[in-house]
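K.L.:
Attaching a predicted model along with its sequence, questions to come.
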Amino acid sequence: ARKRVILSGIQPTGTPHLGNYLGALSNWVQLQRDSSPNDTLLYTIVGWHALTLPQDPKKLLQSRREMLATLLAIGLDPSRSIIFHQDHNPHHTELAWILSCLTPFGKLKRMTTWKSRLADSRNANNESEVNESLLNAGLFTYPVLQAADILVYRATHVPVGEDQTQHLELSRDIAQIFNQTYKRLFTLPEQLSTPSKRILSLKNPATKMSKSAPDVQSRILLTDSHTQIKAKIRSAVTDSITGVTYDPETRPGTSNLLTILGACTNREGREGSDVAADYRSKGHGELKADVAEAIEELLRGPRSEFGRLREERGYLDDVAKDGAEKARALSEITMLDVRRRIGL
Ligand code: ADP
Ligand code: NA
């Protein structure tokens, strides 16, 4: 089989929640389990991406360390996967600059993430007025840094959710522009589809579970105790319809609990609709109790590992240093080729 280079990243912006775990991080562990020894797995904590929004320096430093502890706690193995801080490898930013000089302005303007930032910054009274103090150049160009994150390792496969499809498409476009402008170098990275479960907010099931929602009751953190998990699930918004059925349109809260239960109790992820059959003659109370226990089962191991690892500063620093060295050794090969082709 062809050698795969798999790369994925996560921002160090606060404690990950159940949505991050079920939607992204658990897939990373699964990929590590399913991969062949020929595959190269790279998992990066993308501190430079976090800077597109204001960050408290002390908190960022702590979040970076805690994200590394989290990745180890959920089962990523530094002897199998290259786990590293993006900001420990300057090749990412070097390549990002080179690629930004090849990226058409118009392509970046069409990124839906940028368009939604732009929309957020429009003056409520005058739609044509943009409050430019809410926008920075990094928010506009970070998809190019993402392309560099991928291409600098000549990644062949990128496991990302559907919300990232457009950015991966841009990475492919940029790779192609480089190949046409200079001598061909990059293979085009493919999206690796992984079972993606979209987990909704426990308080407002019209929106996804998110780190940035102000109400911390709306999300289960990977660090939550059994007691906290039970309290949050007990107070999760459902509906006043008797019984339990799976109907995401009219019963988003109840359906979200079924989705969570299915994802927690089966590694392949049972569908919420299948789980509903077990609750035909039961109520919300029983469903919630089972959901809380299933989450506890899933998170107990990672939580205690995280608690142990977060204190092991020396070990975490060693893992980060070792990961960065391995990553840099790979990206240096690409950068030698890149510089040579460009005339640098
Ligand atoms: P957040 O929106 O909470 O800040 P991020 O944007 O940092 O999360 O996303 C990190 C990863 O977790 C991404 O791959 C994203 O697709 C996934 N993810 C985030 N929220 C959810 C969710 N509610 N359900 C499923 N996956 C999610
Ligand atoms: Na986000």
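P.N.:
Cool, the structure landed. Ligands and ions are numbered 1, 2, ... in the order given.
K.L.:
quick one: stretch 52-60 near ligand 1?
P.N.:
No - using Cβ under 6 Å from any ligand atom, stretch 52-60 never reaches ligand 1; the gap is at least 10.1 Å. No exception for glycine: its C-beta is placed from N, CA and C like everyone else's.
K.L.:
ok, residues contacting that stretch?
P.N.:
Stretch 52-60 is contacted by residues 12-13, 47, 50, 136, 138-139, 142 when judged by Cβ atoms under 8 Å, 6 or more residues apart in numbering.
K.L.:
and these, which of them are in strands?
P.N.:
Among these, DSSP state E puts none in strands.
K.L.:
Now list the buried members of those.
P.N.:
For those, a burial check counting by 16 or more other Cβ atoms under 10 Å picks out 12-13, 47, 50, 139, 142.
K.L.:
just the contacts of stretch 52-60: which has the poorest pLDDT?
P.N.:
The lowest pLDDT within the contacts of stretch 52-60 belongs to residue 13, with 89.
K.L.:
shouldn't it be in contact with residue 50?
P.N.:
Yes - using Cβ atoms under 8 Å, residue 13 is in contact with residue 50, at 5.3 Å.
K.L.:
Overlap of the contact sets of the two?
P.N.:
Common neighbours of residue 13 and residue 50 (Cβ under 8 Å, 6+ apart) are residue 63.
K.L.:
SS state for the residue in the chain that ligand 1 sits nearest to?
P.N.:
Relative to ligand 1, the nearest point of the chain is residue 23 (2.0 Å; Cβ to the nearest ligand atom). With DSSP: H, G, I helix; E, B strand; the rest coil as the basis, residue 23 sits in helix.
K.L.:
most distant residue from the middle of this structure?
P.N.:
Distance from the C-alpha centroid of the chain, by Cα atoms, centre = their mean, peaks at residue 281 (37.1 Å).
K.L.:
pLDDT value on that one, please?
P.N.:
Value for residue 281, per-residue pLDDT: 89.
K.L.:
which non-adjacent residue is nearest it?
P.N.:
Once flanking residues are discounted, residue 281 sits nearest to residue 243: 7.6 Å by Cβ to Cβ, 6 or more residues apart in numbering.
K.L.:
what's the lowest-mean-pLDDT helix or strand in the chain packed up against?
P.N.:
In the chain, no helix or strand scores lower on mean pLDDT, DSSP states H and E than helix 272-276, which sits at a mean of 87. Helices and strands touching helix 272-276, by 3 or more Cβ pairs under 8 Å, 6 or more residues apart in numbering; DSSP states H and E, are helix 252-265.
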